[in-house]
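1. got a sequence here, can you model it:
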Amino acid sequence: MNMYLHDSSGLTRSSRSRTTIVLLCTLALLLASLFPAQAQESGSAPITADDVNAVAREMYCPVCENIPLDVCPTEACRLWREEIRDQLIAGKTVDEIKLDFVARYGDRVLGTPQDPMLRTLSLVTPWVIGALAVIATSVLLIRWWRTHRTISSNPASAEETISDQDYRARLEHDLLTRR
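-> Here you go, the predicted model:
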């Protein structure tokens, strides 16, 4: 009598169950290997103080003048940094965080205007003023140098110089004619 029962595919029940178990184990290993990769892609890394300061470095204190948010010791700045941390944890991008603060507190939060025309003017104006100052200084120095050169190159000739006696004589003559 035949101990093994064969089905129509020619496999025994025990070999079919072993094949099924091997396939299920292989599938389980494949699925298990996918889950850690998915967790890494989701960006679940903790937000560090460096991440918060990278955003805060580009923003300015609402209380103090011209102090970056990352170094300001005031309580308002500490609260803003906590808010930035919360927004980073929520998955917002740096640009979204900046736009949120600008919408609530105005352009002064970022230090530079967000309007492209005003931003261009604020970045170009110092360069234009500097260039105009260099040009004006150059023109004045060239004029001074030319006048200084012409005076030193044309000293008064011997005939044009007046001796002290001639000068006194002319002065006395002029005084007498005025009386």
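
2. enumerate every residue touching residue 72.
-> By CB atoms under 8 Å, 6 or more residues apart in numbering, residue 72 lies in contact with 61, 63-64. Any C-beta I mention is one placed from the backbone N, CA and C, and that applies to glycine too.

3. do that again at 7 Å, thanks
-> Contacts for residue 72 (CB atoms under 7 Å, 6 or more residues apart in numbering) come out as 61, 64.

4. did I read that right, it in a helix?
-> No. Secondary structure of residue 72 (DSSP: H, G, I helix; E, B strand; the rest coil): coil, not part of a helix.

5. state the phi and psi torsions of it.
-> For residue 72, the backbone dihedrals (degrees, to the nearest 10) come out as phi -70, psi 130.

6. same deal with residue 67?
-> Dihedral angles for residue 67 - degrees, to the nearest 10 - are phi -110, psi 120.

7. the spatially closest residue to it that is not a sequence neighbour: neighbour count?
-> Residue nearest to residue 67 in three dimensions, not counting chain neighbours: residue 61, with 4.6 Å by CB to CB, 6 or more residues apart in numbering. Using other CB atoms under 10 Å, residue 61 is surrounded by 21 other residues.

8. I figured residue 61 hits residue 69, correct?
-> Yes. Shown here, residue 61 and residue 69 form a contact pair, counting by CB atoms under 7 Å, at 5.7 Å.

9. give me the common contacts of the two.
-> By CB under 7 Å, 6+ apart, the residues touching both residue 61 and residue 69 are residue 77.

10. point to the residue nearest the middle of the chain.
-> The centroid of the chain falls nearest to residue 58 when counting by CA atoms, centre = their mean (6.7 Å).

11. kindly list the main-chain dihedrals of the closest residue in space to that residue that isn't next to it in sequence?
-> Distances taken as CB to CB, 6+ apart place residue 110 nearest to residue 58, at 6.8 Å, with adjacent residues excluded. Backbone torsions for residue 110, taken as degrees, to the nearest 10, come to phi -90, psi -10.
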